[in-house]
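Student: this one's structure only:
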C-alpha cells in the first residue's frame, strides 16, 4: 500500500471531513474532546498537520494550521491538498471510519456472530478493525461510497478510481 505523506489532526468542528478522509484511506484524527486549547500543540506532538475552519487558531502556540473556508467536505478535501501543494494519495476503504486504524482482511468464520444474519448469508468478503473490532463489507451503502470517491477524485481533477481499489483486502 502507498503511504500518504501527511497525517492530520482536525479540530472537532470537522468531524464529517475526518470520516471522509478516513474513507479515502487518509490518516485523520479528531482533536480530543476538551482539548481545544491544546489543538496545535497536540498536532505538533503527534507529527500531524493541524486542520481547522477557525481563523482565530493562528495565534495559538504550535505550528500554523491549515485553515479551510469551504463548508462542504469535498471542497474541504480539495482545499486541504491545494494548501499543502501536493496531490493526495488515496487508498479508499482501508481505514476504520470510527478509529482510523488500518483494516485487515477477515475470514468469514471470524466475523460470524458479530454481523447480522442476513449479512452472513449474502456476503463472503470482510475487513475488520483490529483495534475496535468493527466489521466492514460491501453492503448496500458501498456503491454510494464508491461514487463519492469518484466525485472527490473528479473535483481534484483526477480520475484514479480503480474498481479493485474498493475491494476489502489485507493490509
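Tutor: That came through fine. The structure displayed is predicted, hence computed values, not measured ones.
Student: Quick one: distance of the longest helix seen in the chain to the chain centre.
Tutor: For the chain, the helix that runs over the most residues, judged by DSSP state H, is helix 142-155. Distance of helix 142-155 from the chain centroid (C-alpha atoms, centre = their mean, to the nearest Å) equals 13 Å.
Student: Give me the mean pLDDT for it.
Tutor: Averaging pLDDT along helix 142-155 yields 91.
Student: buried sites along it?
Tutor: For helix 142-155, a neighbour-count test (16 or more other C-beta atoms under 10 Å) marks 142, 145, 146, 148, 149, 152, 153 as buried. For glycine as for every other residue, the C-beta is placed from the backbone atoms N, C-alpha and C.
Student: Check the residues you listed and tell me the two furthest apart.
Tutor: Across the buried residues of helix 142-155, the longest distance by C-beta to C-beta is 16.6 Å; it joins 142 and 153.
Student: What residue spans form the domains of the protein?
Tutor: Annotated domains of the chain cover 7-84, 104-166 [automatic domain parsing].
Student: Burial-wise, tell me which of those comes out on top.
Tutor: Highest mean neighbour count among these (mean count of other C-beta atoms under 10 Å): domain 7-84, with a mean of 17.
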